[in-house]
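Trainee: Structure of the sequence below:
(one chain, ligands or ions: 1)
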Amino acid sequence: MPSLTAVTIRPARRLAGRLRVPGDKSISHRYALLAALAEGRSHLAGYAPGADCRSTLDCLRRLGVEINEDTAAHTVVVLGRGLGQLGSPAAPLDCGNSGTTMRLLAGVLAGHAFSSRLEGDRSLSGRPMRRVIAPLERMGARIDSIDGHAPLVIHGVHGERLRAIAYTADAPSAQIKSAVLLAGLHADGVTSVAEAAQTRDHTERALEAFGAAIAHRSPGVSTVSVEGGQRLAGRTLSIPGDFSSAAYWMVGAAAMPGSRVEISDVGLNPTRTALVGVLERFGARVRVEVTGTDAGEPRGTVIVEGDRTGALAITPAEVAALIDELPAIAALAARGGEIAVHGAAELRVKESDRIATLVAGFRALGFSAEERPDGFTIRGPAGAGGVADAQGDHRMAMAFAIAALAATGPSTIEGADAVGISYPDFFDTLDRLIA
Ligand code: S3P
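Mentor: Below you'll find the model as predicted:
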């Protein structure tokens, strides 16, 4: 996404207020995809409002799925076509900026007896796709790419089902796991995925919510398996707020002593909430209360109060559970302290090279920042402020905005419109919390 919009951030003393965050992006993608493969109607409440989850709906429409939306109410109604029954698309499927759309759809389309072309924007076209191409080809699909990058042309199997496989992913990635499990639904036999580090398990919980049986095996290497050919049934589901969006307010409150934010109805799936322990280590007071569980996904309230600032090191073993929160975590240094992240080379292949973008942006805001091949160190406090470029990356724009609150002068975030990918109202909410 080009840097269209710049936003000015003025210094603020603290964050205070109660809020909700937009619907969970990861869960929204999965519910939309499974609803399309299910029989009957699904009603999804709290669907994520950002451009990424819109890309998934647009692709599904091109695959013949009837979808009705009330965008103001964030509800989506999907008329499922049944397993393996998507229609051959007349035009390419545009995944926009969304890696989850492209990788998960690749898994679904591998099991369909037609060819389809998945395209993305400049950022997505630079991201690695061999990680899904390799297992899907082992299952019998053929996938053309440009040297392992999009556009991808998926040639699904004709006249037979995919082959079930036992797969060990080479990188801890929920998207790889999910692509293989979704293909596994369309395979003959039992497909399993083993992962050395636990990644978010929304696909597993969503499959069960739509009526599929899943088997888990642990401890040691955790393995999940699914038998192909299971029929899914349309469901009425409610999507909780996105913990990864809440992370910016949680970090902002923790970084600025005297702050207090209370976020209600946010997803509390334990594979997503490692940030809570990180904030406690940093010195914040955090309270988490689970108020309910929908379709296996716990949700509730998180309260964060900033108390003191400290030093923090994130180890390689922690990275998989914090992958989307690492940019926010950097902003913990806003009022002082040192934040070091190790073993996170995966950040280089996200929506931007998040290590390079982050270090350049924090330096521009007046922090001392150091770049390593697999991580970074940020030393606060913020300086005089400056111009930080989000490089079209939503999580960079939000991390810079939080960090810039602690600068002594105003700052400019270039490319701030990228927040539309996951959190269109981010800057309105920020205005309210600093008022
Ligand atoms: C996601 C998985 C993660 C995460 C991304 C969303 C998902 O990506 O960074 O924002 O919904 O499965 P990887 O699977 O590449 O780690």
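
Trainee: count of residues packed around Gly189?
Mentor: Using other C-beta atoms under 10 Å, Gly189 has 14 neighbouring residues. Every residue, glycine included, has its C-beta placed from N, CA and C.

Trainee: try Pro92
Mentor: 14.

Trainee: Enumerate every residue touching the nearest residue to Leu279 once chain neighbours are set aside.
Mentor: Leaving aside its chain neighbours, Leu279 sits nearest to Ala254 (4.6 Å; criterion: C-beta to C-beta, 6 or more residues apart in numbering). Each residue near Ala254 by C-beta atoms under 8 Å, 6 or more residues apart in numbering is listed here: 279, 282-284, 286, 304, 306, 332.

Trainee: Gly343 too?
Mentor: Contacts of Gly343 by C-beta under 8 Å, 6+ apart are 315-317, 319, 374-375.

Trainee: Go again with 10 Å.
Mentor: 314-320, 374-375 (C-beta atoms under 10 Å, 6 or more residues apart in numbering).

Trainee: Using TSV, lay out the contacts of Ala254 together with pLDDT, secondary structure and distance to the ligand.
Mentor: Shown next, in TSV, are the contacts of Ala254 (pLDDT from 0 to 100; DSSP: H, G, I helix; E, B strand; the rest coil; distance: C-beta to the nearest ligand atom, whole Å):
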residue	pLDDT	secondary structure	distance to the ligand
Leu279	98	helix	20
Phe282	96	helix	22
Gly283	95	coil	27
Ala284	97	coil	24
Val286	98	strand	22
Val304	98	strand	22
Gly306	96	coil	26
Leu332	98	helix	19
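
Trainee: Just say helix, strand or coil for the residue nearest to Gly283 when sequence neighbours are not counted.
Mentor: In this structure, Gly283 finds its nearest non-sequential neighbour in Arg308, 4.1 Å apart by C-beta to C-beta, 6+ apart. Following DSSP: H, G, I helix; E, B strand; the rest coil, we place Arg308 in the coil state.

Trainee: Surely Arg308 is in contact with Leu332?
Mentor: No - look at Arg308 against Leu332 with C-beta atoms under 10 Å: they stay out of range, at 11.5 Å.

Trainee: Now do the shared contacts for these two.
Mentor: With C-beta under 10 Å, 6+ apart as the test, Arg308 and Leu332 both reach 254, 282-284.

Trainee: Neighbour-wise, which one of these leads?
Mentor: Highest neighbour count within the shared contacts of Arg308 and Leu332, by other C-beta under 10 Å: Ala254, with 33 neighbours.

Trainee: and the helix or strand of the chain with the lowest mean pLDDT, which strands flank it?
Mentor: Ranked by mean pLDDT, DSSP states H and E, the weakest helix or strand in the chain is strand 214-217, scoring a mean of 92. Strand pairing for strand 214-217, using DSSP bridges, gives strand 222-227 (antiparallel).

Trainee: how much distance is there from the strand it pairs with to the middle of the chain?
Mentor: Offset of strand 222-227 from its chain centre (C-alpha atoms, centre = their mean, to the nearest Å): 22 Å.

Trainee: Also stretch 114-124?
Mentor: With C-alpha atoms, centre = their mean, you get 19 Å for stretch 114-124.
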